[in-house]
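> Any chance you can model this:
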Amino acid sequence: MTLIILGVIVLILIFTLIGIYNRLVTLRNRFKNSFAQIDVQLKRRYDLIPNLVESAKAYLSHERQTLEAVISARNSAVSANQKAAENPMDENAMKGMVGAEAMLTGAVGKFFALAEQYPDLKANQTIQQLMEELTSTENKISFSRQAYNDSVMAYNNACEVFPNNIFSGMFGFKAAVLFEVTVQAEREAVKVKF
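Coordinates of the predicted model:
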């Protein structure tokens, strides 16, 4: 009888352990998928920016420094995004990506501010369409970041609650990094006025 009770206890522990492991794997995959959704929107933004800059070159030829700053910031953000996409759990890669995104947002903001000073540029249909697409993409990025952070929070909570915290370390589940805006300039929305 004691052996049966002991066997039942062991089975309960095994099934509990399997349940904890499977839940952590599910949550980890969910936050990685959420990061992939951010990645999709960022790539869309990265593709739009060169088109916007190229379209504006004719109007802003004497503002070459601003245009080059936008492209440089975009290239840095692409590189940082690729590193973070390889391993969204890498804290340094995520911080590098957040910093590069902040630089890109600042450069695009300066571009928009400069573009407002040129009526011909504001009237250009191609520029207007690209600006609208970029604004739409920025909104999608914001929603994707929110979904990612929600997924990360659920995963981190699952890793830290008892008894999961005992097993999460054993199985190599470590805390994921939130996509936090640390630069004040990025906290402010990009304003598009045409």
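> Can you give me the pLDDT of Arg45?
You'll see Arg45 listed with a pLDDT of 91.
> Name the nearest residue to it, sequence neighbours excluded.
Thr137 (4.9 Å; C-beta to C-beta, 6 or more residues apart in numbering). Where C-beta positions appear, they are placed from N, C-alpha and C, glycine not excepted.
> next helix or strand past the helix or strand harbouring the one you found?
Thr137 is located in helix 125-160, with elements delineated by DSSP states H and E. Going down the chain from helix 125-160, the next helix or strand is helix 164-170, by DSSP H and E.
> ok so, going back, ok, now how distant is the residue nearest to Arg45 from Arg44?
5 Å (C-beta to C-beta, to the nearest Å).
> between these two, which one's more packed in?
Thr137 (19 against 16; other C-beta atoms under 10 Å).
> For the more buried one, give me the pLDDT.
Taking Thr137 on its own, its pLDDT is 90.
> for it, what are its contacts?
Contact analysis of Thr137 by C-beta atoms under 8 Å, 6 or more residues apart in numbering lists 41, 44-45, 48.
> can you give me the helices for this structure?
For the chain, the helices defined by DSSP state H cover 2-56, 64-86, 91-115, 119-123, 125-160, 164-170, 184-187.
> Reformat the ones you listed into JSON lines and put distance to Leu178 next to each item.
What follows is the helices of the chain, written out as JSON lines (distance: least, C-beta to C-beta, whole Å):
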{"stretch": "helix 2-56", "distance to Leu178": "10"}
{"stretch": "helix 64-86", "distance to Leu178": "13"}
{"stretch": "helix 91-115", "distance to Leu178": "8"}
{"stretch": "helix 119-123", "distance to Leu178": "37"}
{"stretch": "helix 125-160", "distance to Leu178": "5"}
{"stretch": "helix 164-170", "distance to Leu178": "17"}
{"stretch": "helix 184-187", "distance to Leu178": "14"}
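> Return the residues in contact with Lys6.
No, residue 6 isn't Lys; it's Leu. Applying C-beta under 8 Å, 6+ apart to Leu6 gives no contacts.
> Distance check, it against Val70.
According to C-beta to C-beta, Leu6 stands 68 Å off from Val70.
> now swap in Gln41 and tell me
18 Å.
> just Gly96 next, same as before
19 Å.
> dump the residue contacts of the residue nearest the centre of the chain.
Centroid-nearest residue in the chain: Ile38, 4.5 Å away (criterion: C-alpha atoms, centre = their mean). Listed by C-beta under 8 Å, 6+ apart, the contact partners of Ile38 are 141, 144-145, 148, 179.
> Give the residue spans of this structure that score low on pLDDT.
122, 181-194 (pLDDT under 70).
> returning to what we had before: for Gly96 and Val70, indicate the residue with more neighbours.
Taking other C-beta under 10 Å, Gly96 and Val70 do not tie; Val70 has more neighbours (23 against 18).
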